[in-house]
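1. sequence? don't have it. structure:
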């Protein structure tokens, strides 16, 4: 795909984030969509392309009253929205539609109108993983961690420092769920969830949503907000079974999607001013830093523990507080994208001064899928 | 009221041989007749070269502990926490999820790379589950 031909011209989260007991999941989609449409200065009738995950496009389009000529229901977990951005950019460039709305919402905490997630007993996961006691992401996502630690000499303290640094970012964000400072000792003394991970190394469970609006870069100049251009994109999938990853020393999906996006954008790692790495659990930023090629895996833990990703440091990472401290409805990718857009617009609560390039990297399932978007505010 | 049960696998036509093997006390894998690739989970073609000429064979049942978590909460139905959910790398190459029996469910006892051997747990008259224990000797 050619760089900077498509731009984000509308971006918003749901009016509230956190615990929202007075709205269904579908209504949260609508709330985020209406906020994004207002942000872009558009009418619903201007939307001719639509993408969402988990909920179907027909469900959300009918509820909102949208009549699309292009839809994408790619649903590969929490990074689905990175893939939607990539697909929407291609569709706009190909002339299939002009103005795409992408929505996410999840009643992850209040569970109102939330679709059931189940593992059929005759699926491969149902036959070869479920009988061994996996029960939700905390019992599955950290399974690679001990091998990763042993291979690269990563310590428990370094993995705890991920949560500490992200709490520093969250403290600057009025909308973050968890803002009180924590220490490595606090993390290592928090309740055990699935060894080696404790409560503060696992993401939050909240309600919320977000929406993005994309159009061609040529049209983007006429919108009220500063356009945020799609500079590079990448995507991939590996396996729905964490036990069947090629290796626990890296993620094949990360290693495919990330470098694709860097290559398409034509950037080097030193060009990155701002970085989001979807942190459902504390090990993901380490995998991300290694798989995206920022540094050797052996250095990732110490890099974060040394404070290189904290406010004011050289590589600002997960500047909204991340899934660990900002919010995590179940599919966090949309919130990572929202933060990248805020940083590129220059309006983030913890704004990185003069940031021009933001890399936003997402995961779906337990390393099952990945999507990477490189944004820039300069065409 | 009945105790909540551990999730029961339901075989498909492609996986039936694996579950028949477990019931007979055998860990069965598949090998590609064309490229010799050994793979898991079961399917009637080779995921490496796409050949449909594949054979089922009895694996050695030996491997090592590749990685694991010790799950505390929430516990799956039929499990008493804390319990380890492990991934075992088999001597033949493939990895599979499993539980480690005859071993304390602690980080001290569960050492990465420790040698393991297969054992079988009968869940009911249809399903026997392969699990692993520390290898003897």
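-> Yep, it's here. Bear in mind the structure is a predicted one, so any value in this text is a computation, not a measurement.
2. For the residue nearest to the spatial centre of chain A, list the residues it contacts.
-> Note on chain A: the residue nearest the mean C-alpha position is residue A:333, at 2.2 Å, using Cα atoms, centre = their mean. Applying Cβ atoms under 8 Å, 6 or more residues apart in numbering or on different chains, we find residue A:333 in contact with A:78, A:79, A:80, A:81, A:82, A:104, A:278, A:362, A:363, A:364, A:371. Placement of C-beta: from N, CA and C, glycine included.
3. one more time with 6 Å, if that's ok
-> By Cβ atoms under 6 Å, 6 or more residues apart in numbering or on different chains, the contact set of residue A:333 is A:78, A:79, A:81, A:82, A:278, A:362.
4. what two of these have the greatest distance between them?
-> Using Cβ to Cβ, the contacts of residue A:333 span at most 10.4 Å, a distance reached by A:81 and A:278.
5. ok, back up a step: specify which member of the contacts of residue A:333 is nearest to residue B:32.
-> Closest approach to residue B:32 among the contacts of residue A:333 (Cβ to Cβ): residue A:79, at 32.2 Å.
6. And for that closest one, nearest residue in space, chain neighbours not counted?
-> Excluding its sequence neighbours, the residue lying closest to residue A:79 (Cβ to Cβ, 6 or more residues apart in numbering or on different chains) is residue A:362, at 3.0 Å.
7. How far off centre is the helix or strand encompassing that neighbour?
-> Applying DSSP states H and E as the criterion places residue A:362 in strand A:357-364. Offset of strand A:357-364 from its chain centre (Cα atoms, centre = their mean, to the nearest Å): 6 Å.
8. helix or strand right after that strand?
-> Downstream of strand A:357-364, the next assigned helix or strand under DSSP H and E is strand A:369-376.
9. Wait, a helix at residue A:157?
-> Yes - applying DSSP: H, G, I helix; E, B strand; the rest coil, one finds residue A:157 inside a helix.
10. And the strand holding residue A:362, what does it pack against?
-> Here strand A:357-364 touches strand A:274-277, helix A:333-345, strand A:369-376, going by 3 or more Cβ pairs under 6 Å, 6 or more residues apart in numbering or on different chains; DSSP states H and E.
11. Tell me who's in contact with the residue lying closest to residue A:46 once chain neighbours are set aside.
-> In space, and not counting its chain neighbours, residue A:46 is closest to residue A:99: 5.4 Å by Cβ to Cβ, 6+ apart. Contact partners of residue A:99, counting by Cβ under 6 Å, 6+ apart, are A:46, A:47, A:48, A:215.
12. now the helices: where do they sit in the chain?
-> Let's take chain A. A:25-40, A:57-64, A:80-94, A:124-128, A:137-140, A:145-152, A:156-170, A:184-189, A:217-220, A:252-265, A:284-291, A:297-305, A:322-325, A:333-345 (DSSP state H).
13. you looked at the wrong chain, it should be chain B
-> B:16-23.
14. Would you mind naming what in it lies close to chain A?
-> Residues of chain B found near chain A, taking Cβ under 6 Å from any Cβ of the partner chain as the criterion, are B:7, B:9-10, B:12, B:15, B:41, B:67, B:69-72, B:74, B:76, B:79, B:83, B:85, B:87, B:95, B:97-99, B:112, B:129.
15. dump the residue contacts of residue 70.
-> I went with chain A, as the question did not name one. Applying Cβ under 6 Å, 6+ apart, the residues contacting residue A:70 are A:49, A:91, A:96, A:97.
16. try again with chain B
-> Residues in contact with residue B:70 (Cβ under 6 Å, 6+ apart) are A:195, B:82, B:84, B:105.
17. out of those residues, which is most surrounded?
-> Neighbour counts for the contacts of residue B:70, by other Cβ atoms under 10 Å in any protein chain shown, peak at residue B:84, which reaches 24 neighbours.
18. Touching, it and residue B:103? I think so.
-> No - with contact defined as Cβ atoms under 6 Å, residue B:84 does not reach residue B:103; the gap is 8.1 Å.
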